[in-house]
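Engineer: can't give you the sequence, but here's the structure:
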């Protein structure tokens, strides 16, 4: 039983390590959430970049990070982000 538990933990950890980062554009709607261009709301996981992104509420951003769907809540652990616009209604390609 212990071996099976360790194998499951190993594969879950490995899948997170090997997960490819996703690129997403959207608007920062609070210090912990982003509304993407496709209408999905992403909870921002704690990462080194979370504090910097929290100062961008109301701005349009492009974020790169690992996305996980955890029991219906979509979370993203940020690798990086950049501000695209200070005006959320102004969309750039």
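Structural biologist: On my side now, so go ahead. Quick caveat: nothing in here was measured; it's all calculated off a predicted structure.
Engineer: Please name the residues that touch the residue nearest to the spatial centre of the chain.
Structural biologist: Nearest to the mean C-alpha position of the chain, by CA atoms, centre = their mean, lies residue 76 at 2.2 Å. Residue 76 makes contact with 22, 24, 34, 42-45, 63, 65-68 under the criterion CB atoms under 8 Å, 6 or more residues apart in numbering. C-beta coordinates here come from the backbone N, C-alpha and C atoms, glycine included.
Engineer: Between the residues you listed, which sits nearest residue 57?
Structural biologist: Among those, residue 34 lies closest to residue 57 (CB to CB), at 10.1 Å.
Engineer: Show me which residues of the helix or strand harbouring the closest one are buried.
Structural biologist: Per DSSP states H and E, residue 34 falls inside strand 33-36. Of the residues in strand 33-36, 34, 36 count as buried by neighbour count, 16 or more other CB atoms under 10 Å.
Engineer: next one: stretch 66-85
Structural biologist: 66-68, 76-78, 81, 84.
Engineer: Quick check: the farthest pair among those residues?
Structural biologist: 68 and 84 (23.8 Å).
Engineer: Tell me which helix or strand in this protein has the weakest average pLDDT.
Structural biologist: One helix or strand of the chain scores below all others by mean pLDDT, DSSP states H and E: helix 2-18, with a mean of 64.
Engineer: Following the chain onward from that one, which element is next?
Structural biologist: Using DSSP H and E, the helix or strand that follows helix 2-18 in sequence is strand 22-30.
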